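Asks: sequence unavailable; structure follows:
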């Protein structure tokens with residue numbers, strides 16, 4: 001018996017008593033038969049997902065229909081969808097659709113597909129990458145490990161630049177992580193404001209003299225040959241005192 005024929009016959013069990021719930025044991029028997037058949041024809045890449053019809057939004061159910069399956073989809077209480085290995089981006093898009101259309105949490109998705117929640121979260125994070133990088137992941141030029149390393153960079157232009165470098169140099173994931181770390185540190189250093197130039201001895205002396213005369217902190221801020229003088233005061237009374245001193249009025 002061919003694999004295709006076996007799957008077809010086993011799936012037909014769905015159409016008996018269509019409005020009666022299907023026992024989990026029956027679904028398990030179908031899936032086990034499919035698994036054994038896939039091993040027999042070296043199709044271990046095959047995957048399947050079981051969906052209860054009544055939990056499908058109507059628009060999603062309609063989108064799955066083709067002329068030869070309309071009746072079966074309307075009647076079958078349980079749908080079993082078979083598919084081959086997905087690339088990381090396709091898998092991420094599938095998880096997002098489950099979240100958006102079926103309102104499933106990451107924990108629910110993880111339980112349904114046999115993964116832990118962290119793995120599902122990592123797949124979904126891939127969708128934050130630029131389109132160019134997602135395409136490279138989908139075609140296999142970048143692995144999921146490469147993509148996850150690129151997520152450490154927050155700038156999309158930097159992500160694209162590093163991704164091109166990875167492909168051109170055929171870097172491993174470990175080498176990519178090192179490259180990303182260096183790129184992130186360089187970007188951080190670029191954003192760090194330059195340290196203020198040291199105050200020259202004459203400016204410092206002038207600040208000290210003004211501080212002594214006015215009895216408060218004074219700063220001279222230079223911008224080349226121009227600048228400003230900043231004088232601190234802690235209250236209205238101190239402001240009046242400083243003003244009187246600067247205008248040669250009698251100090252109260």
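Replies: Received it, and whenever you're ready, just let me know what you need. None of these values were measured; they are calculated from a predicted model.

Asks: only C-alpha atoms from now on, for both contacts and neighbour counts.
Replies: Fine.

Asks: need phi/psi at residue 152.
Replies: Per-residue torsions, residue 152: phi -70, psi -20 (degrees, to the nearest 10).

Asks: to which secondary structure element is the closest residue to it other than its chain neighbours assigned?
Replies: Excluding the flanking residues, the one nearest residue 152 by Cα to Cα, 6 or more residues apart in numbering is residue 180, at 7.2 Å. Taking DSSP states H and E as the criterion, residue 180 maps to helix 173-191.

Asks: what mean pLDDT does that helix get?
Replies: Per-residue pLDDT values over helix 173-191 give a mean of 79.

Asks: just stretch 240-252 next, same as before
Replies: On average, stretch 240-252 scores 74.

Asks: hang on, residue 220 in a strand?
Replies: Yes - assessed with DSSP: H, G, I helix; E, B strand; the rest coil, residue 220 lies in a strand.

Asks: just the helices in the chain please.
Replies: 3-11, 24-40, 58-63, 70-75, 88-101, 106-113, 117-125, 131-139, 144-150, 156-169, 173-191, 201-214, 236-246 (DSSP state H).

Asks: residue 51: which of the ones you listed is closest?
Replies: helix 106-113 (9.8 Å; Cα to Cα).

Asks: and that closest one, what's buried?
Replies: Going by neighbour count (16 or more other Cα atoms under 10 Å), the buried part of helix 106-113 is 106, 109-110.

Asks: repeat that for stretch 113-129.
Replies: 120-121, 123-124, 126-127, 129.

Asks: so what would you say the end-to-end distance of it is?
Replies: Taking Cα to Cα, to the nearest Å, stretch 113-129 runs 23 Å from one end to the other.

Asks: equivalent analysis for stretch 114-128, please.
Replies: First-to-last residue span, stretch 114-128, Cα to Cα: 24 Å.

Asks: any chance of the helices of the chain in JSON lines, plus distance to residue 221?
Replies: As requested, these are exported to JSON lines (distance: least, Cα to Cα, whole Å):
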{"stretch": "helix 3-11", "distance to residue 221": "82"}
{"stretch": "helix 24-40", "distance to residue 221": "77"}
{"stretch": "helix 58-63", "distance to residue 221": "67"}
{"stretch": "helix 70-75", "distance to residue 221": "77"}
{"stretch": "helix 88-101", "distance to residue 221": "55"}
{"stretch": "helix 106-113", "distance to residue 221": "55"}
{"stretch": "helix 117-125", "distance to residue 221": "47"}
{"stretch": "helix 131-139", "distance to residue 221": "47"}
{"stretch": "helix 144-150", "distance to residue 221": "42"}
{"stretch": "helix 156-169", "distance to residue 221": "37"}
{"stretch": "helix 173-191", "distance to residue 221": "23"}
{"stretch": "helix 201-214", "distance to residue 221": "9"}
{"stretch": "helix 236-246", "distance to residue 221": "19"}
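
Asks: which among the ones you listed is found nearest to residue 227?
Replies: That would be, of the helices of the chain and by Cα to Cα, helix 201-214, which comes in at 11.5 Å.

Asks: just how off-centre is the closest one within its chain?
Replies: Relative to the chain's own centre, helix 201-214 is displaced by 54 Å; criterion: Cα atoms, centre = their mean, to the nearest Å.

Asks: same question for stretch 96-108.
Replies: That offset, for stretch 96-108, works out to 16 Å (Cα atoms, centre = their mean).

Asks: which residues sit against that stretch?
Replies: Stretch 96-108 has contacts (Cα atoms under 8 Å, 6 or more residues apart in numbering) with 55-57, 60, 109, 116-117, 120-121, 124.
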